[in-house]
Structures are given as structure tokens and as C-alpha cells.
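Undergrad: Quick one, fold the following:
(chains A and B)
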Amino acid sequence: MELQNQFYKKLKRKNFFYSLGAGIGSYILMKSLPFKLLGNNLIKSKSLNENKIKIRINPSAVGRTKLGENNGRS
Amino acid sequence: MAEAKDQFQQKVEKQSTLNNKKEALDTDYWRSFKELFKDKNLIESSHHEFSEGTKDDFEPSKLSGISRRKFLALVGASAALAGVGCSDYRSKGNIVPYNQMPEEITVGNPTYYASTSTACLHGCGILIKTREGRPIKVDGNPDHPVSQGKTCAKCQASILNLYDPDRLQGPMKKVGSEFVKATWKDVDSPIIDALNNSSSKQIVIIAHTLVSPTSKKVLDDFITKYPNTKIYSYELFNEQNRNLAWKKCYGTETFPLIKWNEAKIILGLETDFLGTDGNKVETARLFAEGRNFHQTDKFNRLYIFEGSMSVTGMNADYRFRLRPDAQYEFVLSLLNELSKKGINIPSSSQVFANHSLNSFAQKYSLSKNKLNLLVKDLIRNQGGSIIYAGRTLPENVHIAVNILNEALGNTKLYRTDSANTQVFPLSSTEEIADLVKAMNSGNVAVIIHYDSNPVYHFPKDLGYEEALKKVSTVISLVGSQNDSSALGNFTLPINHDFESWGDAKTRTGFYSMQQPVIDPIFNTRQKEAILLTWLNGKPVVYDDQIYHKYLMNNWEQNIYPGLKSKMNFTQFWNAALHDGVVIFDETTLGFGNFNKSAVNNLIDETNSNSNFVIAFRESYQSGDGRFLNNGWMLELPHPVSKITWDNYAAISKSTAKSLNVDDGDFISIQVGSRKIEIPAFIQPGSADNLVTIELGFGRKVVGIVGTDVGFDAGVLISQVGDFSNWIYKASSVTKGNGSYKLASTMEHHLFDNELTRNVAQKRKIIQEGTVSEYKKNPNFLNAAKPWDEKSFYNEHPYPGVKWGMVIDLNKCIGCGDCVIACSAENNVPIVGKDQVLVSREMQWLRVDRYYSGTIDEPTVSNQLMLCQQCDNAPCENVCPVAATTHSPDGLNQMIYNRCVGTRYCSNNCPYKVRRFNFFNFRDHFRSHYQQSQLLSLVNNPEVTVRSRGVMEKCTFCIQRIMDARSNAIHEHREFKGSDVKTACQESCNTNAIRFGNENDKNSDIYKYRNHELAYYVLEDLNTKPNVAYLAKLRNIESEEV
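TA: Numbers count the residues shown, from 1 in each chain, chains lettered A, B, ... in the order given. Sure, this is the predicted structure:
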């Protein structure tokens, strides 16, 4: 009887780990799949290495805050 | 009901069978042959607001049954999946305040940088608008003497090239047959070695037109270090024939500038000076100055002789269709006629004596009356007319035209206060042929493509591509891979204009400055800096200021002292960069006396009897191919044909009939041994047996946008030319195999033809008259108003500012520059050819082009169409969610996040100016091209980026209005209508668009709206539009009306 209980306990634990594994697997899958299915641009953007895109003002350029004639801000 | 439907169907069918010409021409205004000949399919499609597939019938009975349990299970599962899937939505980054605020930036306020555009060779002055350091828009620099605050479409669109994801991000070298990424040191070392070891052979640099004196100095230094260097400069379309003819006639190098604004009579021969021929920004402005309706005595008259309709031809008062190979005969006949009428021809050559204008008119079926009027006009306006030949015409025509202008005293209209300058002359065809010979004989060690693409541009029979294989080191300094760089050993990425230093000298009297707005986004270098590094002999000497210092040094030592400025150099330099232009006194050399003997060798050549002639023109959209990866330009409807995303062979209706082809059918063209197949397009107003093709398409190596766009007709060009380098006799033109879909917008946004047949004429959408009619009766338009304006609604008061626009159809040339300006300002997406084919283009502005008259000799009327911001807006009443409402200052507003996409508003809009996002076009177009983070940087942060399912339309640039209003409040001053300029207005070269406060009685807008020439489109619907049109006046003799 005790052996049977131990067996059921083991089976429960085994099922638990199976479920946990399946759950984690599904979670990881679901995290990335919708982006692929919806055609997100992330795959392309990686090839562009976009994380490195930075816009820096050229310090030697001389700007103006007014457009001149345009928009009456002269 | 069924009976009524049958009757209606019969009526439709009856109408569609009216194919005989007499009945068809009852339509006064038409946009295409299908409309003119009442094509059955077109009539059917005009009954539907939206294209096929977007109006699928909803049949509840056909829906599959679903139980409540299933439904709830699905909802639950969807919610769970969505929750999991979106729980880690990839962040685009955090928005954080500046830790150290750059001095130049005030968050939320734009900063402008003056610079110079190198989108073409004219070097127009520009102002680059930046937000938080990011360039977002290009406008003209008002301080620049040539562009005077205006820009062309290409210049506007050049900002898209800055953020093009297809730009090269670092140097590359070829290993085997593949390019691999490399460091600058990896490429510089072997290149320096190759240069040093080339002493017994040539080093060749191939560039486009050089406009920068300092860039030229770098090349001179390069030649000093490597004396075996030769520089070649070329343009696919150039002014060489004109300039050579000028030199023969007057002895000076370049053709003078013309006072277009003072010309009373303009005679253009195969020229598109309002389109692609010359500096359009300046020419269009000056031309439009002569089209002021309040100065009718100074109103110019434009005669155009051309083979296929151009922008200039569309604006002609008198247009004659004439093949380009007959132009020489025409000028000789005109010389003879003028000689007979007593005009002293300053040439002893009697080559024109055998040519009579009457016989010419008969030979080419031209109206004798109109030709006589031209002769009369030229004689009575001696000294006040100008005759101008197109750049593609041969040298002989230009010489004959010079004689004409000299004989008529028209040289008075040549400017003597300013002239074009040449930093480096273009190479001749013979020089380039010699280069290829040298390459083939192994005498060239290194070739440097200096931001050029000769493999694509040079005539194919020159054999440049083959010869390139015999050069051991081929280096391309380019922004992105092109046909030439793909065949080289090294591809070195160069900075975009907005990342570059420079100067430009295109005219006497001023320099134009170029400054980098931002540091290079990628691992790129300025092309001059690359050469300077090689000159120093060691790759390690490069620093990113190398050319900046060189430029400043050149100015300080060589240019600044000659300008006699009162400022010290640092002050002067900063002022020059601020203004973008340095104006100084510089003597312009005159053009001397006419050399009679130089023209005596004019040959008596008449039109050949060849069956077909092929003429090439520069593309409005892709230029010479440099803009082939620019989606804004490719999607801009061609100003004449309204075709997007392609080039084509324009032919006349009768030529199409003789070839048995229709629109889109392939035709096969052979010139010598060179052959292509290209789709035909029947262009009203084309001369018979003429095929006109625009070059600049069909590049083999191009980015994702330009891939498979158009056809490379350049393969037909020969190094020896024919009539000229751009006009050829065809060996054969025959019907090809199959057909091709051309995406034209000309039949889009049609009304239901049954209800409103000949809508443009009957509903007075286009209203026009003649100058003489207007002089006799200024109120001729109002006299024809039949309706009584009674409204269902109470008048709504607008006590403060009320926005309105006036579009002067006398000045609008239909070029479409405003369309690009609007797209750039308002984040309008590119949709692609497949979507244009189903009428889903998203541009907020469209230029409606109507033909009237006959197919062979049509008259063209252009009309800019945008949201009319109606006071009684039909779109507002039908929106079930009040997503489109009216503002207190008279604007018809769109609330994007309220819109649920019913499209009722678009359905109810009589002007068809609303655009629906059938997709998230940023995601939909070409593998998410517009979704890339880099391209997103071009977006205007003041304008919402719209997504799928949302309706949008012109807002009168509401963001500019709000910005100006906030500035006025901040500065404690009255907010005026003149404080705001819309993007389209700002870009319009001819000042055809006016915008302002309708309530301000002193404003231009008030005066124009109440002018006798003002009218509103479909005003009989009592929509009370706030966009008024000033009726076009044609300067034609009354009997010709």
C-alpha cells in the first residue's frame, strides 16, 4: 500500500514536471511566435543592427531656430 | 426592382457601345481613353467607391453557425494567447530626458540648418529641419539667390535616402565573387598600395558634375600626388549640345541664363524647362511670374513643339506635336519665313532658303493659322521673346535657334548680371571612348567610381562593363551598392549630403555652403575625406574632421581673402554656415558678338524618312536612376501620364493602332543591333511613329524599393548617337509578347459616370477662359452661376481666424512637387505598385489632369485636389462615431483614435480626397521596409503615424497652425493667417498656393477668394469649400478658343 502511495506520489511529481516543462515551452513559443505570425519587423531590424543607430548632432554645424521668411518666424 | 435594374444595365451597355469618335468627343474633359470612349469596365468600376475586394457583401445567412460554448471558448483562448503573446511586447526603448542638453536643442522646437542639395547638379540652397537633432524635412533656403526658398520634388525626397535601410553601413571588399564586410584599414591599405604601384599606368576617377571648388581642389591635390590620374565627369542628360553651339556662335563656354519672367513670347522646341530640362525650381518661378492674372498686359504666351506631352507642353497656350527629328527643319523654315517678312538674319548661310513654313505645315499637318500667329508674335515682340531648344536636340538645332534669337534681338533677355559657372567640364564622348580603349589595353590600373554609376549610365556598346574586368583595382565610393560597385573590388560607403561638408559654385556672384546636420549614422566617410586619407599615404591618419579642416583651410587661404569681408574668418565662417550662402561681387563676363562665320557650315538637313524615331527623356521620378530606391519619388504619379512605379514607351493613338497594341502591351524596339521589350502607353498628344521613353529605371543592382521597377531603355543608347545622343532612328518597332500592368492613378477617384456624365465640364470643376475674354469681361465666370445657395443648416459663425486656401490655376504647372512635400510633412506611407493598382494610393494631394479637345491635339488642364475643408462637410454628417468634426477655425478635422473605418465619410465626399489605410502600409510594403527603425526616423513627430483601419486626409498642416499659434501666444502678439505656411505652399515653385485667414480683409487670401476669377469646385452642392480656385486664363487668340 505504501509502495503504491509512493508510486502515485512519484507519478504526480512526474506529471507535475511534465506539465511545468510543457508550460515553459509553450510560454517561450508563444512569446516569439505571434511576432513571426504577425510579420513583425524584428527579424529584419536585427540584420540592420538597429540597436546601434544613433543620431548625433554635428557640433560644428551652425543652425538657426528661425526659418527665415517661412512661417513668419523671421 | 429587377426590371429597373435591367433597364439600368441596358442603358449602361448602350452608353458603352458609343465608340464612334464623333459621339465620344462630346465629352469636353477626359482623363483617359477609357473615359473618353466610355469603356464598359470603367463605367462599371465608377459605380463602386472602393475597388474589388474591399466591398465584399456581408451575408449573415452564409455565415457558419457557432455555439455559445464554442464562442466563449474561442474568446477565452484568444484572450489567453493574446495575453501571453503580448506580455513581452518588444520595447522600442525608453524616452528619457537629456542628461546633458545640447546647446542647439530645445525639446519640442525644430532647429534649421542651411545647406546645399546635391540631389541634382543645380546645387539649390536648402534648409534642413531637425527635431531633437534628427533631420525630418527639407525646404528651400529663402536666402539663396537661385532657389529662393523653394525646392523640387527630388530635393524634398532626398531625406528618404538618408534613412534608407539599403545604405551601406561599412566598407566592403570582394573575396572571391562575394563582398564581405571589412574595416577601413582593411580596405585603405591595399588601395594605397595599388595607387602607389600604378605609376606606369593610369588612375581614373569617374564622377558626375562637380560643383564644389574645394572638392575639385582635393582632386587637384590627388593629381599632384599621383600625376598619372585622369578625371572624367559625365551626366546621362547634359547641356553639351547647347553649350557647344553657344561657343560656336558667341565664343564663351556656357549658355547664358534667361530672363524667363520678362519674355512675352516663349517658343520651346522639344524642351521641358518646367520639368526636367535645366533648373526647374528657378525657371518655373520665373515663368509663373509672367502668368499673373492681374497683369494681363504682361501675360506671356507659350508655344511648344514637341513629340510627346511634357509638363511644359501641358502648360502651353499653343502646342504642336512634332517629332524631334523634324525640329531642325522647322527652325530652318521659321528662319526663312522671318527672312521673307523682313527680319535680317545674321548669317550669310542660305541653308534655310529652301525651306518654306507653309510646306512644312503641310508636310507635318500643322495648323497654318497657328504658325502664322507664331510668326506674327515673334515679329511684334522682337527683343521680348525667347526661343529655347531642348537639351536632347542636336547641336545644329541649337545653332539655328541662336541665329533666330540673334535675328529677333532676343539676346536682350539673356542675363548679364549672373551666369552659370563650371568647376570642371564634362568629358566628351570621345574622351570616354578613349578611356575604355585604355582600359581594354591594360593601361588603367585603378578606377575610382566617385559617387557615380557608369556601368548603368554609359552606352552599352561602349563596352565599359567588359573593359572593367581588365582593371585590377576597381573602387566605388557610393552610398549604396549600384551596378558599377557590384563589379568592383572595393565598395566604400560615403556620407549622405546631410552628413557632409562642402561648398558649391554653380553661378557667378555667390557660393553655396553645405554642412553636416548630423554625424554619419553608419561607418561611412565623406568621399573627399577618403581621397585625403589616401593622399596622406597611411590609413591611420584619418580623422572625421579631415575634410572639414581642409574645407575651412581652403576657404581661409584661398576664398575668404578675395571676398574682402569685414568679419574675421571665424565670424565669417559661422555666418556663412548660418546663412548657407556667401554673396559677393563678381563680374559676369558678357557673351560677346555673334560669330556669323561660325554658322555658315550649317547643313541643309531635313527629316529622314525613317518609320520610327525613339526619343529618350530624363525621368520625372527617378532622375537618371539615382532616385530609383526612393519610394516617395516612384509613387509620385507621373505629371503627365499619372503612371507610378514604372517607365513605358509613350506612343500616339494611331501608332498604337498601326502596331495593334493597347496600354500595357509589350512592344519590341530595335535600334541597330540593340533591342528591348517595354510596355506601351498611349499618350494623347504624341506625334505619330515616335516612341518616347524615360530613362532612369530598370537598374539591376539597387535596393529593395527599386528592385524590378521599370525597364532599362538605356541599352538602346549608342556611343555614337544618331540625331543626337538621345534621339535615334529605330530599325524596327513591333508588337511584343504579352502585356504588363501599368499602375496609373488617372482613372482613380471617378464619379459614378451615369449620374454625372462629363462631370468636369457640366459641374464646372474646371473653369477657364482666355486672357482676351477676361479683359473684355472680368466677370465672365460669375455670369454663369445658375444656383441659389440655400442651406439646410444654419450658418455657423467663425469669429476668429478661419483658414482658407486659394490655388491659382494660372500658375500651377502640375509638377507634383507639393505631393512629395505633403508626404514628407505628414508621414504619408508608401503603399507600393500592387496597392496603387487597386486605387489605394495614400497621398493627401493629387493633381487631377484633364484633357480636352482631340486625342492628337489635346489641351491640358491641371487641378490640385485636396480636402476642401468644407463648412458644410458631407463627410462629417455620416460618421457614426464623430471621428470627423469641425474646428472653430473652420477646419474639417480627423480624430484618428476615434475612427472605426466605416469609410462612410469617403463615400460621401464629393471630392474623393479621403484616404483609407486598408493595411498598416508601413508593415505591408516590401518586407516591412517602412517599419524599420532607421526609416522611422524620417517621421515628423508632430504628426500621428496612422495604422490600419483609419481614414485620413489633408489637415491644412494643422501641426504648423498649432505651432504658429503657440509661437504667437508665447510672443504676446496677434496670431495672423500669414504666420502659417502649409507644406505644399512652401514647396510650390510657382507660388500657386496661397493660404491664410479668410476673415482678414487685408490678406491675400481674402482678396483672391473674392476675386472675379475665383470659383469653388462643386459649389452647387453647397458644401461651402474653403479651397478656392482661380480660373485658368489661356493666352490664345479669341478665334482659336
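
Undergrad: mind checking how far stretch B:396-414 is from the chain centre?
TA: Distance of stretch B:396-414 from its chain centroid, counting by Cα atoms, centre = their mean, to the nearest Å, is 29 Å.

Undergrad: if I pick residue A:63, what's in contact with it?
TA: Residue A:63 is in contact with B:104, B:111-113, B:130, B:578, counting by Cβ atoms under 8 Å, 6 or more residues apart in numbering or on different chains. Any C-beta I mention is one placed from the backbone N, CA and C, and that applies to glycine too.

Undergrad: Filter the residues you listed down to just the ones in helices.
TA: Per DSSP state H, helices hold the following members of the contacts of residue A:63: residue B:578.

Undergrad: May I ask which two of the contacts of residue A:63 are separated the most?
TA: The most widely separated members of the contacts of residue A:63 are B:130 and B:578, with 14.6 Å between them, by Cβ to Cβ.

Undergrad: Who has more neighbours out of those two?
TA: A direct count of neighbours by other Cβ atoms under 10 Å in any protein chain shown for residue B:130 and residue B:578 places residue B:130 higher, at 22 against 18.

Undergrad: my guess is the more buried one contacts residue B:112, does it?
TA: Yes: at 7.3 Å, residue B:130 and residue B:112 qualify as touching, with contact defined as Cβ atoms under 8 Å.

Undergrad: how deep is the residue of the stretch 451-600 of chain B found nearest chain A tucked in, by neighbour count?
TA: Among the residues of the stretch 451-600 of chain B, residue B:577 lies closest to chain A, at 3.9 Å counting by Cβ to the nearest Cβ. The number of residues packed around residue B:577, counting by other Cβ under 10 Å, is 21.

Undergrad: which non-adjacent residue is nearest it?
TA: Nearest residue to residue B:577 in three dimensions, chain neighbours excluded: residue A:62, at 3.9 Å (Cβ to Cβ, 6 or more residues apart in numbering or on different chains).

Undergrad: top helix in chain B by residue count?
TA: When chain B is scanned for its longest helix (criterion: DSSP H), the result is helix B:68-85.

Undergrad: Using PDB, list the CA coordinates for that helix.
TA: The C-alpha trace of helix B:68-85 is given here as PDB (Å, rounded to 0.1, in the frame of the first residue of the first chain):
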ATOM      1  CA  ARG B  68     -22.200  30.000 -27.400                       C
ATOM      2  CA  ARG B  69     -19.900  27.500 -25.700                       C
ATOM      3  CA  LYS B  70     -17.600  27.400 -28.700                       C
ATOM      4  CA  PHE B  71     -17.700  31.200 -28.900                       C
ATOM      5  CA  LEU B  72     -16.800  31.600 -25.200                       C
ATOM      6  CA  ALA B  73     -14.000  29.000 -25.500                       C
ATOM      7  CA  LEU B  74     -12.600  30.800 -28.500                       C
ATOM      8  CA  VAL B  75     -12.800  34.200 -26.800                       C
ATOM      9  CA  GLY B  76     -11.100  32.700 -23.700                       C
ATOM     10  CA  ALA B  77      -8.400  31.100 -25.800                       C
ATOM     11  CA  SER B  78      -7.800  34.200 -27.800                       C
ATOM     12  CA  ALA B  79      -7.500  36.400 -24.700                       C
ATOM     13  CA  ALA B  80      -5.100  33.900 -23.100                       C
ATOM     14  CA  LEU B  81      -3.000  33.700 -26.200                       C
ATOM     15  CA  ALA B  82      -3.000  37.500 -26.700                       C
ATOM     16  CA  GLY B  83      -2.100  37.900 -23.000                       C
ATOM     17  CA  VAL B  84       0.800  35.600 -23.300                       C
ATOM     18  CA  GLY B  85       2.000  36.700 -26.700                       C
END
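
Undergrad: Give me the helices and strands touching that helix, please.
TA: Helices and strands touching helix B:68-85, as assessed by 3 or more Cβ pairs under 8 Å, 6 or more residues apart in numbering or on different chains; DSSP states H and E, comprise helix A:2-37.

Undergrad: okay, the angle between the helix it packs on and helix B:68-85?
TA: Compare the direction of helix A:2-37 with that of helix B:68-85 by axes from the mean of the first three to the mean of the last three Cα atoms, to 10 degrees and you get 80 degrees.

Undergrad: so what secondary structure elements neighbour helix A:2-37?
TA: Packing partners of helix A:2-37 (3+ Cβ pairs under 8 Å, 6+ apart): helix B:68-85.

Undergrad: for the helix it packs on, the distance to its chain's centre please.
TA: Counting by Cα atoms, centre = their mean, helix B:68-85 comes out at 51 Å from the chain centroid.

Undergrad: can you check stretch B:643-653 too?
TA: Remark: stretch B:643-653 is offset 16 Å from the chain centroid, using Cα atoms, centre = their mean.

Undergrad: for the contacts of residue A:63, which one is nearest residue B:1003?
TA: residue B:112 (25.5 Å).
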